[in-house]
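**Student:** Got a predicted structure here, sequence first:
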Amino acid sequence: MQMPAVVQYALEPGAVELREIAVPEIDDDQVLLAVGAVSVCGSDVHQAHNTHSWAVNVPVVLGHEFGGTVARIGRGVRGFKEGDRVVSETAAQICGDCMLCRSGRYNLCPKRKGFGYGINGAMAQWVSVPGRCLHRIPDSLPFDLACLSEPHAVAYNAMCVNATIRPGEAVVVLGPGPIGLLCARMAALAGADPLIVAGLTADAPRLQAARELGATHTVDTQKQDLDETVRALAPLGADLVCDASGSSRTLEVALRLARPDGQVVKVGWSPQTVATDINPLVQGNIRLQGSFSHNYPIWERVIHLLDRRLTMPEKIVGLRAPLEGWRDAFDAMHDGRVIKSVLLPV
């Protein structure tokens, strides 16, 4: 049986198309999901333009932010049944034996492969998923919002696990993309005040969204002096700076904005390598933390937040389209017309 799928077929710009491929088979430890919704990640857009900075096994079906209904279940899968509404984590393959896997930090497994770049993802009508990746979702959470669990988990891990925010602390978020905006929302829920989100002139709609999500101040860095704004609100500097910009150059800005003994967490991927002055890291006794992916307890928490609408997910989704509308969904995100696009395969 065949199905349509959004496939990256080569490592060159524009090498993505809608193809007919075989419906996947499942192993004993897997389930077959009927995909209810899959949201477009910035990484999907980067792969489509061949501007990504990670290895991709082509040809590959794109899509790693998804949810669906269990249609078929492997005989080794426990705790799920056909008809269950679920979302899936992204760690499609892990070794299961290393110290990181055995301590619940499988997101950092050296042998980890994710959906949409390492193995086939969910921009299709059907996807095979290991049972260990699944989380049930309540009936009150529709798939077009539930598929945002993955970027929510990225933001939660960055701001609430790998960083510490106390009520009344000054937080700066660099980059109002989908992850930056969700990081800002997590900071708002944690009590950050002031909460400053910085972007470019072209980011004006996203900076407006940041204010709606809880930012106390937004800064267009092409028109305003970010350093002056931060120092006026937090004379010693920010307690936490989150670099979600997707640029290497902004790390130097983040280190400059953090207060002595403050924190910098970097969650945005950077395709380019640039020289960075890291002396402020030493002089300021600053804690620099990378943040990658997520694990099981984080997903359980963000599903609860999504179901309660505490993260205001409806402000993130700007376009919903059928699978055949994937190109407009990608372009709308690439051009900044929407924050997040969601594909509805069925």
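**Tutor:** Thanks, I have the structure now. A quick note: this is a predicted structure, and the numbers were derived from the prediction, not measured. Residues are numbered from 1 along each chain as shown.

**Student:** And the helices in this structure, which stretches?
**Tutor:** Secondary structure of the chain (DSSP state H): helices at 42-49, 99-102, 143-146, 149-156, 178-189, 204-212, 226-233, 250-257, 279-283, 296-307, 326-334.

**Student:** Report the inter-axis angle for the last one versus helix 178-189.
**Tutor:** Spelled out, it's helix 326-334. 60 degrees (axes from the mean of the first three to the mean of the last three C-alpha atoms, to 10 degrees).

**Student:** wait, which of the helices of the chain is closest to residue 197?
**Tutor:** helix 204-212 (3.9 Å; C-beta to C-beta). Bear in mind the C-beta positions are built from the backbone N, C-alpha and C, glycine included.

**Student:** for that closest one, which positions count as buried?
**Tutor:** Across helix 204-212, burial judged by 16 or more other C-beta atoms under 10 Å covers 206, 207, 209, 210.

**Student:** circling back: can you tell which of the helices of the chain is closest to residue 320?
**Tutor:** Short answer: helix 143-146, nearest of these by C-beta to C-beta, at 6.0 Å.

**Student:** Could you give the separation of that closest one from the chain centroid?
**Tutor:** For helix 143-146, the separation from the chain centroid amounts to 14 Å (computed by C-alpha atoms, centre = their mean, to the nearest Å).

**Student:** I would like the residues contacting it, please.
**Tutor:** Helix 143-146 is contacted by residues 36-37, 67-68, 85, 87, 137, 303, 306, 313-314, 317, 320, 342, 344 when judged by C-beta atoms under 8 Å, 6 or more residues apart in numbering.

**Student:** Give me the average confidence score over that helix.
**Tutor:** Throughout helix 143-146, pLDDT has a mean value of 98.

**Student:** Residue ranges of each domain in the protein, please.
**Tutor:** Split into domains by automatic domain parsing, the chain comes to 2-148+316-344, 154-290.

**Student:** Quick one: closest of these to residue 297.
**Tutor:** So among the domains of the chain, domain 2-148+316-344 is nearest, using C-beta to C-beta, at 7.9 Å.

**Student:** ok, the nearest residue to residue 231 once chain neighbours are set aside - contacts?
**Tutor:** Residue nearest to residue 231 in three dimensions, not counting chain neighbours: residue 237, with 7.3 Å by C-beta to C-beta, 6 or more residues apart in numbering. Residues in contact with residue 237 (C-beta under 8 Å, 6+ apart) are 170, 230, 231, 257, 258, 259, 260, 262, 284.

**Student:** Could you give the average pLDDT over stretch 231-240?
**Tutor:** 98.

**Student:** just use 45 as the starting number from now, easier for me
**Tutor:** I'll keep to 45 as the first residue from here, and by that count the last item is stretch 275-284.

**Student:** Give me the buried positions along that stretch.
**Tutor:** Applying 16+ other C-beta under 10 Å to stretch 275-284 flags 277, 278, 281, 282, 283, 284 as buried.

**Student:** how about the residues you listed in a markdown table, adding distance to residue 293?
**Tutor:** Formatted as a markdown table, the buried residues of stretch 275-284 follow (distance: C-beta to C-beta, whole Å):
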| residue | distance to residue 293 |
| --- | --- |
| 277 | 23 |
| 278 | 22 |
| 281 | 19 |
| 282 | 18 |
| 283 | 23 |
| 284 | 20 |
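
**Student:** Which pair of these spans the longest distance?
**Tutor:** 277 and 284 (13.4 Å).

**Student:** Common neighbours of the two, please.
**Tutor:** residue 214.

**Student:** export the helices of the chain to a markdown table and tack on distance to residue 288?
**Tutor:** Formatted as a markdown table, the helices of the chain follow (distance: least, C-beta to C-beta, whole Å):
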| stretch | distance to residue 288 |
| --- | --- |
| helix 86-93 | 10 |
| helix 143-146 | 24 |
| helix 187-190 | 21 |
| helix 193-200 | 8 |
| helix 222-233 | 4 |
| helix 248-256 | 11 |
| helix 270-277 | 15 |
| helix 294-301 | 9 |
| helix 323-327 | 19 |
| helix 340-351 | 16 |
| helix 370-378 | 15 |
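
**Student:** looking at those, which is closest to residue 61?
**Tutor:** helix 370-378 (9.0 Å).

**Student:** Could you list the buried residues of the closest one?
**Tutor:** By neighbour count with 16+ other C-beta under 10 Å, helix 370-378 contains the buried residues 370, 373, 374, 376, 377.

**Student:** list the helices and strands it packs on?
**Tutor:** helix 86-93, strand 361-366, strand 384-388 (3 or more C-beta pairs under 8 Å, 6 or more residues apart in numbering; DSSP states H and E).

**Student:** Just want the angle from it to strand 384-388.
**Tutor:** Using the same axes, to 10 degrees: helix 370-378 against strand 384-388 is 160 degrees.

**Student:** still on that earlier bit, from the contacts of helix 187-190, which would you call buried?
**Tutor:** 80-81, 111-112, 129, 131, 181, 347, 350, 357, 361, 364, 386, 388.
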